[in-house]
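Colleague: Kindly return the folded structure for what I paste below:
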Amino acid sequence: MARFILGRLVKAVFILLAILVFNFFLIHAAPGDPAAVMAGEAGAGDPTYLAELRERFGLDQPLYVQLWIYIKGAVQLDLGYSLRQQMPVAELIADRLPATLLLTGVAFVLSLVFGVIAGVAASARQGSWGDTIISTLALLFYATPLFWVALMAALVFSVWLEWLPGFGYQSIGAGYTGLAHAWDVTKHLILPASTLGLFFMAIYMRMTRASMLEVSRLDFVKTARAKGLKRRVIQRRHILRNALLPVITLAGLQAGQIFGGAILTETVFAWPGIGRLMFEAINQRDYNVILGVFYISAAMVLLFNLITDVVYVIIDPRIRLTG
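Modeller: You can find the predicted model right below:
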């Protein structure tokens with residue numbers, strides 16, 4: 001296990017380096033000049049001021065020089081300096097990352113748990129009204145655009161019913177501490193986490209249902225039934241345990257995609273995470289912030305994939321990890 005983890009970490013370093021180089025050239029190939037944007041907002045677009053801005057932030061250097069400087073800094077977790085926020089990118093991301101991890105972590109757990117439960121319930125009642133209702137709701141959640149669900153959730157539960165706060169991370173100026181602060185954050189978290197988790201819950205439900213039905217037709221399950229084991233025991237110990245393997249595979253891949261969904265969710269609900277930070281950086285042509293968010297997101301995806309491989313062995317000891 002230790003050798004496998006070490007090997008994957010070494011590979012992850014080279015993958016991150018390749019992603020860093022690719023994103024660097026991709027971002028700089030996009031139209032727009034951050035110096036021109038800053039000069040325009042400052043009301044001074046003359047060539048002399050533009051040249052000063054480019055020299056101050058190193059934008060006048062050749063592209064390969066900028067890339068080398070950025071790679072050297074990234075190795076030391078120095079992700080550069082934000083042109084617009086006037087502070088190190090690493091500090092910006094460190095301030096926003098906990099909020100994003102909280103949102104995506106809760107959304108991931110909710111979607112996986114309720115998706116598996118719904119999938120098991122649907123497969124146990126194949127062809128019934130319960131199966132039809134669960135499958136229809138899953139298809140509806142899967143097909144509905146995430147931003148529309150977020151807007152409708154904020155409109156209904158925050159504006160019309162006034163049950164939950166619709167925007168922000170916490171109540172501004174409330175000064176809550178301890179359990180009161182935790183409950184305030186929880187109330188602000190319910191809408192964005194639920195909205196983000198609905199799409200992925202539908203995917204896990206459909207995958208669990210299909211996998212459960214497939215495993216239930218295998219010979220070892222028929223043998224367990226012939227031995228007179230209770231249906232609940234067969235469902236839990238024999239079918240579900242084997243049916244979870246493709247679900248775990250999909251969950252490991254989807255865990256990284258939740259960061260992408262967090263951009264829309266954080267923007268709609270004004271959640272102060274790195275998704276909203278990247279959205280603002282794209283509008284402001286803040287290259288270093290965009291690259292920094294890409295860098296951290298790629299590292300998180302690689303970490304999730306490693307955790308998924310380790311969980312494989314826990315779920316099914318027959319699987320052996322190799323380099």
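
Colleague: hey, where'd the helices end up in the stretch 151-300 of the chain?
Modeller: 178-215, 219-226, 231-233, 241-268, 274-284, 287-315 (DSSP state H, counting those that start in this stretch).

Colleague: With mean pLDDT as extra columns, can I get those in TSV?
Modeller: Putting the helices of the stretch 151-300 of the chain into TSV (pLDDT from 0 to 100) gives the following:
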stretch	mean pLDDT
helix 178-215	88
helix 219-226	80
helix 231-233	78
helix 241-268	79
helix 274-284	83
helix 287-315	80
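
Colleague: closest to residue 22 out of those?
Modeller: helix 287-315 (9.3 Å; CB to CB). C-beta here means a position set from N, CA and C on the backbone, and glycine is covered the same way.

Colleague: for that closest one, packing partners?
Modeller: Where contact means 3 or more CB pairs under 8 Å, 6 or more residues apart in numbering; DSSP states H and E, helix 287-315 is packed against helix 2-29, helix 63-75, helix 89-124, helix 241-268, helix 274-284.

Colleague: Domain-wise, how is this protein divided?
Modeller: Under the assignment automatic domain parsing, the domains of the chain span 2-89, 92-322.

Colleague: In a markdown table, list the helices and strands packed on helix 287-315 along with distance to residue 186 and mean neighbour count.
Modeller: Formatted as a markdown table, the helices and strands packed on helix 287-315 follow (distance: least, CB to CB, whole Å; neighbours: other CB atoms under 10 Å):
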| stretch | distance to residue 186 | mean neighbour count |
| --- | --- | --- |
| helix 2-29 | 34 | 13 |
| helix 63-75 | 35 | 14 |
| helix 89-124 | 9 | 20 |
| helix 241-268 | 16 | 20 |
| helix 274-284 | 20 | 21 |
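
Colleague: between the ones you listed, which one is nearest to residue 223?
Modeller: Going by CB to CB, the one of the helices and strands packed on helix 287-315 nearest residue 223 is helix 241-268, 13.5 Å.

Colleague: Many thanks, I have nothing further to ask.
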